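Visitor: Sequence first, then the predicted structure:
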2 protein chains.
Amino acid sequence: MARPRKPLLSRERIIEAASALVDSEGLGAVSTRRLAAELGVSGPSLYNHFRNKDEILDAVADSVSAQVDLSMFDESDPRDWAAALHDWAVSYRAALAAHPHIVPVLAQGPGRRPAGLRVADAAFGGMVRAGWPPAQATYIGALTRYFVTGSALGSFARGFVDDETAYDPADYPHLGQAHLLAEHRQQVDEGAFETGLRALLDGLALQYERMVTGSGTVRRTPNRG
Amino acid sequence: MARPRKPLLSRERIIEAASALVDSEGLGAVSTRRLAAELGVSGPSLYNHFRNKDEILDAVADSVSAQVDLSMFDESDPRDWAAALHDWAVSYRAALAAHPHIVPVLAQGPGRRPAGLRVADAAFGGMVRAGWPPAQATYIGALTRYFVTGSALGSFARGFVDDETAYDPADYPHLGQAHLLAEHRQQVDEGAFETGLRALLDGLALQYERMVTGSGTVRRTPNRG
DNA sequence: ACCTGAACACCGTTCAAGT
DNA sequence: ACCTGAACACCGTTCAAGT
């Protein structure tokens, strides 16, 4: 068979297959030949639909960005920026943590990826509408992405081996329980994410208060500092 | 030449060469053959010193962890945990941001890498000494690592292309200035990191206050809600 | 012990050839 | 337009052979 009447491939089918492969076996398992085999075609066929392998992985990353909920930015009262930021971070992390192996690609930034750009646009717009100056709104988008991608990139708990003899107390006096982290993976990772997100939001609320009161529009009296 | 009197290679020389290659051309440029060529030997020679390529990259990652300053945890007054945490995060980020291409490897966690474990041990120990319960101390180590690795993994600013026509206002109403981010890369990335770190520390200080006052050991009166 | 070349089973990508 | 096999320049790793 040279060329079939109906195309055997489409960008969508390729992205789906690549995504499944990335999720199940990691980035290292994605080769154009392997991917083509999963799709029942020969390796070079992919090049009719994507310029190269990187473009395929970019598309997989963008399909993950497309799963991030952004509704909190257009539905909410702009004064509820902290609640919107919270919900965004939770949704953002859920989307990425479901596909951790693609996070290094995604973390390179949106570039020209449409879904990634929609995420950045919505978050920045939401913060500006809430009254944050553009520079601060940019920082908030960036720092939230830092925290979310960092938390999705690698499980903290799984970063320690499940081997009681691995962490010699003579070398690491405080890691006596570290080998237990793996068993409590979900609790540790979620606890750390929630604790960090709560701290970020509380800290940003303080900055927001200082900004608002400092600029003359006093909403309430400062209670710190 | 089969075997020279003095070994041509050592783990240290291999790590140095691999590190230089990762820094200059990225993870993708590191192949065992290329690395061996840079060292003036044939490809398989590396296998006398490392079990496989992954072990070489692990060693490169650990050499970066070894550059993280940890002195703030043993020198400081434990009550200055927030100052120590700040200084640690800054040093941690500086080490990683100097070698961004290895961050995905490093972010997989310390595993059995000695320098990575020393980092985790020192931070956890510092927080426990300051009075944080073990679970919270674990969260703080984890969330700080999330934020730092996320910020070092990819420049936020460089994630946008430097092309005025790239971001159509019809699609992305708030990204009209996004193409300018690249020029202000350093300011944006540092501003976001500092803003986020400040917010994290302020937020954690609130949690610490609540914990201390809630447990009966009142250090000072709460001044928030 | 530490290096070598040969060999194996892979890669990403190009390209002429087929329909 | 869309697929194929052949081909090119690569990979990581093993292994027997050399000193």
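Guide: That came through fine.
Visitor: For the worst-scoring helix or strand of chain A on mean pLDDT, buried residues please.
Guide: The least trusted helix or strand in chain A, going by mean pLDDT, DSSP states H and E, turns out to be helix A:71-75, with a mean of 90. Of all the residues in helix A:71-75, those buried under the rule 16 or more other CB atoms under 10 Å in any protein chain shown are A:72-73. (C-beta placed from N, C-alpha, C; glycine too.)
Visitor: mind listing what's buried in the very next helix or strand once past it?
Guide: Proceeding N to C from helix A:71-75, the next assigned helix or strand is helix A:81-97, under DSSP states H and E. Buried residues in helix A:81-97, defined by neighbour count with 16+ other CB under 10 Å: A:81, A:84-93, A:95-97.
Visitor: Do the longest helix belonging to chain A and chain B come into contact?
Guide: What stands out as the longest helix in chain A, according to DSSP state H, is helix A:185-214. Yes - counting by CB under 8 Å from any CB of the partner chain, chain B is contacted by helix A:185-214 at A:188-189, A:191-193, A:195-196, A:198-204, A:206-207.
Visitor: sorry, back to before: list, out of the buried residues of helix A:81-97, those positioned next to chain B.
Guide: Applying CB under 8 Å from any CB to the buried residues of helix A:81-97, none is adjacent to chain B.
Visitor: pretty sure A:Ala18 is in a strand, no?
Guide: No - counting by DSSP: H, G, I helix; E, B strand; the rest coil, A:Ala18 is not part of a strand but helix.
Visitor: wait, doesn't it sit right on A:Ser31?
Guide: No - here A:Ala18 does not reach A:Ser31: they are 10.5 Å apart, not a contact under CB atoms under 8 Å.
Visitor: Those two: which has the busier surroundings?
Guide: Neighbour comparison, A:Ala18 and A:Ser31: the larger count goes to A:Ala18, with 25 against 12 (by other CB atoms under 10 Å in any protein chain shown).
Visitor: Tell me how far the more buried one lies from chain B.
Guide: Going from A:Ala18 to chain B by CB to the nearest CB, to the nearest Å gives 18 Å.
Visitor: which residues are in contact with stretch A:197-209?
Guide: A:81-82, A:85-86, A:89-90, A:131-132, A:136, A:140, A:143-144, A:147, A:219-220, A:222, A:224, B:143, B:195-196, B:198-204, B:206-207 (CB atoms under 8 Å, 6 or more residues apart in numbering or on different chains).
Visitor: can we see that at 6 Å?
Guide: A:82, A:86, A:89, B:199-200, B:202-204, B:206 (CB atoms under 6 Å, 6 or more residues apart in numbering or on different chains).
Visitor: Determine how far that stretch lies from the middle of the whole chain.
Guide: The chain centroid and the centroid of stretch A:197-209 are separated by 20 Å under CA atoms, centre = their mean, to the nearest Å.
Visitor: near DNA strand D, which residues of chain A?
Guide: Counting by CB under 7 Å from any atom of the strand, the residues of chain A close to DNA strand D are A:1-4, A:7-9, A:36, A:41-45, A:48-49.
Visitor: Please flag which of those residues sit within helices.
Guide: Per DSSP H, the subset of these in helices is A:Ala36.
Visitor: So A:Ala123 is in contact with A:Gly141, correct?
Guide: Yes - using CB atoms under 6 Å, A:Ala123 is in contact with A:Gly141, at 4.6 Å.
Visitor: still on that earlier bit, of the buried residues of helix A:81-97, closest to chain B?
Guide: Relative to chain B, the closest of the buried residues of helix A:81-97 is A:Arg93; by CB to the nearest CB it sits at 9.7 Å.
Visitor: Run through the residues that contact that closest one.
Guide: A:Arg93 neighbours (CB under 6 Å, 6+ apart): A:148, A:151-152.
Visitor: So for it, what's the nearest residue that isn't a sequence neighbour?
Guide: Spatial nearest neighbour of A:Arg93, excluding adjacent residues (CB to CB, 6 or more residues apart in numbering or on different chains): A:Val148 at 4.9 Å.
Visitor: what's the distance between the helix or strand where that neighbour lies and the middle of its chain?
Guide: A:Val148 is located in helix A:134-153, with elements delineated by DSSP H and E. Distance of helix A:134-153 from the chain centroid (CA atoms, centre = their mean) equals 10 Å.
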